[in-house]
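J.: Build the 3D model from these lines:
(chains A and B)
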Amino acid sequence: MTPRLAARVMFLGGLLTAPVAGRAQSPQELRVEVGAAELKQLGRDIRTATLLNVSWQRTETRFASMFSTGATWARDSMAALQSVAALVWRPSAESRFTTEAGATGAISGLSNIGRGGNASTYLRQRVRFGEGGLWGGAAFGSSMRDAATSHGTGVDMGAWGRIGALQGSMMIARYRTDDWPLFEAARIYLNRDAASYDVNDATVALHYERGDLTLDASQSWRDGTRTTDVTQSALFGALAWKFSPRYAVTVSGGRQLADPVRGAPDARILSAALRYTWATVRESDDDYGASSYVRMVPTDGGGTVFIHVVAPEAALVTVAGSFSGWEPIQLRRVSDGWEAERVLKPGRYRIAVKIDNGPWRSPGNLAKMKDEFGGQNGLIIIP
Amino acid sequence: MNFIRSCATVAALVVAVASTASAQQDARLTLIRDDATREVVRQQLGGALSRGVPVEPMMAKALEGVAKRASTKSIRAAMARLEENWHRAAKALAPNPTDDELGAGADALQQNVPESALRSLRKLAPGRSIALEIGVLTQLVARNVEPGQASKMVLELMARKATGTQLTALSSAVQEDVEAGLAPAMALDLRGRGIMSLLPPPSAVSTLNPRSTPRP
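T.: Down below sits the predicted model:
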């Protein structure tokens, strides 16, 4: 990190001292991230930019909504503003199907390919199978650069899975675009006279979480097809260290390939930021109950119990039960909350969930029993 | 005669001391960091063991209280209540209840299932474990089904040889219906009928009056 970049990180870190006030009745999460980045686009000088990103997420049992907006400001007054809004829906709390639809918008000047903007939409369907799943999706985007309009479409499919604390995913995608300023700047060329570019992407991503550390890494490969000549690859990594319940330091760097749907340019990025997370938790018994559930899958000689707690990442979630000697069990982060699973022999088990400093509660879909300690237990019976 | 009486006394003492020692030696006691709580739990375990209540459920209750940061007083009270319910369940499920049945019975009593309901279940199935059936009954009552209606349905399903999977499915289905807005009584009636339609009719006397069930 250069001294100039470090100075910006320290200065902006100091701005985040006043916590956001107020509590709401539903779990929601607000993140503010400030930092600095060095951006290097092909054929351009390195720019140092200031970053401000605000994201908000609200999670219900069947719906989750997300909104994120980010601003980038560089010394030469070139700036960019990007926003993403998404809605996630699943038919029921236990359903393995999740549908996600979203829209993004950007106003951009931080590039050598003209001032303008972009709007895009996407739709993605996920199917979960135990520890992993599959997804398929499609996206469409329209960009305007110096009054010239272009379009990009993409279809993608992928799979994800988890082994312990390591989560991995693989994606293949095909893009078509007529955004020649974006692709020319990324040194992607047409091999003949054609109206659009066609590229295939493959991406492998890893996410590892242990204690206060989170590590993300992704490697992408791009190959031109039909009309397009290109072979590119990009490696990107991010490290986050949560040094307090609300604050984390993030460092990320690597290359991001040009995005033909969102209109983002090919760039090498090195950034550091301070992240502040503010989250609300549910206060009432009913709300707590509605935010967790248990699903049981019978097996030979017992059953596998899946425990799912819908809660923001910043919430402190504890799940314990008679099957663990009332020791808290290890949970893993999933898109809208926390999950764990246990293989149990036939019998009766009690389980309880606690979020932050709230009371011990039964998961919402279990028979609720008073626990004689001022809380509740859920009663599980494995036949 | 005196010799036999002396031997019996010594044997009883040995059993009591051994039991107390076994309670005291339970490694899980070390999980209780607070000295006062650990001592109270040790005493409660020893006392319960000497009165015929096994260590396992008592220790589980104590560890639950510790995990939930309950006060020593609350943990002592909860353990005492469990022991009391255990003895009540033992009477209701006599003559030879298993520990599993007694644990389920104690849970049921804590949930305000009447002892008479436990006795009815026992009468209907005197020769096999009814821990699962008691558990399902407890779940139904916890789901706000009136205890009388819940025990009547469980008895009827038992009489028709419903499997454990069918019984637990009934309980889950009632929960789903209640969440969807149905009254618990109606949900149980609806779901119970659904399962019964898959089962053969009761072979003997109606289980609605278990007292008339022929003795084996």
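J.: In chain A, what residue comes closest to chain B?
T.: For chain A, the residue positioned closest to chain B under CB to the nearest CB is residue A:383, at a distance of 3.2 Å. Where C-beta positions appear, they are placed from N, C-alpha and C, glycine not excepted.
J.: what does the host helix or strand of residue B:73 contact?
T.: Following DSSP states H and E, one finds residue B:73 within helix B:72-92. Counting contacts by CB atoms under 8 Å, 6 or more residues apart in numbering or on different chains, the residues outside helix B:72-92 that touch it are A:372-374, B:34, B:36-37, B:40-41, B:44-45, B:47-48, B:51-53, B:57-58, B:61-62, B:64-66, B:70, B:97, B:101-110, B:115-116, B:118-119, B:122.
J.: Quick check: pLDDT value at residue 181.
T.: Since you didn't name a chain, this refers to chain A. Among the per-residue scores, residue A:181 holds a pLDDT of 83.
J.: meant chain B actually
T.: The predicted structure scores residue B:181 at 86 on the pLDDT scale.
J.: Does stretch A:344-357 reach chain B?
T.: Yes: contact check for stretch A:344-357 against chain B, using CB under 8 Å from any CB of the partner chain: residues in range are A:346, A:347, A:348, A:350, A:352.
J.: What residues sit buried inside that stretch?
T.: In terms of neighbour count (16 or more other CB atoms under 10 Å in any protein chain shown), stretch A:344-357 has its buried residues at A:344, A:347, A:348, A:349, A:350, A:351, A:352, A:353, A:354, A:355, A:356.
J.: tell me the two of those residues that are most distant?
T.: Within those, A:347 and A:356 form the most distant pair, 30.6 Å apart (CB to CB).
J.: tally of neighbours for residue A:97?
T.: The tally of other residues near residue A:97 (other CB atoms under 10 Å in any protein chain shown) stands at 13.
J.: for the one 3 residues further on, same thing?
T.: With neighbours defined by other CB under 10 Å, the count for residue A:100 comes to 19.
J.: tell me the secondary structure for it?
T.: Secondary structure, DSSP: H, G, I helix; E, B strand; the rest coil: residue A:100 is strand.
J.: mind checking pLDDT for it?
T.: pLDDT, residue A:100: 85.
J.: With residue B:132 instead?
T.: Reported pLDDT for residue B:132: 96.
J.: and it, that's in a helix?
T.: Yes: the assignment for residue B:132 is a helix, going by three-state DSSP.
J.: Check the gap between it and residue A:217 for me.
T.: When CB to CB, to the nearest Å is applied, the distance between residue B:132 and residue A:217 equals 48 Å.
J.: quick one on the thing from earlier: mind listing which of the buried residues of stretch A:344-357 are in strands?
T.: Restricting those to those inside strands, with DSSP state E as the criterion, leaves A:344, A:347, A:348, A:349, A:350, A:351, A:352, A:353, A:354, A:355.
J.: Redo these as TSV? Include distance to residue A:312 and pLDDT.
T.: Supplementary listing: those in TSV, determined by distance: CB to CB, whole Å; pLDDT from 0 to 100:
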residue	distance to residue A:312	pLDDT
A:344	28	94
A:347	33	93
A:348	32	94
A:349	27	95
A:350	26	95
A:351	21	96
A:352	20	95
A:353	14	93
A:354	15	89
A:355	9	85
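J.: Alright, I will stop here.
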